[in-house]
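Enquirer: Take a look and give me a structure for this.
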Amino acid sequence: MPTRPIREIWRGFSLAEKIILLAFAVGIPLGILSIFLPSSPYVATSPAPAAGMDVPWFIIIGFALYFLPTLLGWKKRNSGAIFALNLLLGWTVIGWIVALVWALTVDAAAVIGRDEGR
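Expert: The predicted structure is shown next:
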């Protein structure tokens, strides 16, 4: 299966797409870290959140950023494998980058061969 080098893929993006991808690459680790970092000692004295604010926005954005490779590769032939890689190894950042590159590569055209032996 021929694949394009990462440099060639990167050059194909517009400036806006590059900025968005870099923001995701920085936002995912920060979003994940913000979930696991201890909260401020002043949280107990803060007022109760408003109705409808049960899930903080950064958790939703964190999940969206974490599963970005899955979302980008949703219509690819190997979308299930991209999802599995993203789910199981995305937390390693290297696994997330591999899933992102895999999601952004172009699928090889299906080769329909003829059986000339008959």
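Enquirer: Can you give the contact residues for the lowest-mean-pLDDT helix or strand in the chain?
Expert: The least trusted helix or strand in the chain, going by mean pLDDT, DSSP states H and E, turns out to be helix 15-36, with a mean of 73. With contact meaning C-beta atoms under 8 Å, 6 or more residues apart in numbering, helix 15-36 is reached by 10, 13, 58-59, 61-62, 65-66, 68, 91, 93, 96-97, 100. From N, CA and C alone the C-beta is placed, and that goes for glycine too.
Enquirer: Now, those that are in helices?
Expert: Trp10, Phe58, Ile59, Ile61, Gly62, Leu65, Tyr66, Leu68, Trp96, Ile97, Leu100 (DSSP state H).
Enquirer: Check the residues you listed and tell me the two furthest apart.
Expert: Trp10 and Ile59 (29.7 Å; C-beta to C-beta).
Enquirer: Using PDB, write out every CA atom in stretch 73-80.
Expert: Only the C-alpha atoms of stretch 73-80 are listed here, as PDB (Å, rounded to 0.1, in the frame of the first residue of the first chain):
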ATOM      1  CA  GLY A  73     -10.600   8.800   9.400                       C
ATOM      2  CA  TRP A  74     -14.200   7.900   9.900                       C
ATOM      3  CA  LYS A  75     -14.900   7.100   6.200                       C
ATOM      4  CA  LYS A  76     -11.600   5.300   5.600                       C
ATOM      5  CA  ARG A  77     -11.400   1.600   4.800                       C
ATOM      6  CA  ASN A  78      -9.600   1.000   8.100                       C
ATOM      7  CA  SER A  79     -11.600   3.200  10.300                       C
ATOM      8  CA  GLY A  80     -12.200   0.500  12.900                       C
END
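Enquirer: For the spatially most central residue of the chain, which non-adjacent residue is closest in space?
Expert: Among the residues of the chain, the one closest to the centroid is Leu68, at 2.5 Å (C-alpha atoms, centre = their mean). Distance criterion C-beta to C-beta, 6 or more residues apart in numbering; nearest residue to Leu68, sequence neighbours excluded, is Phe24 at 5.3 Å.
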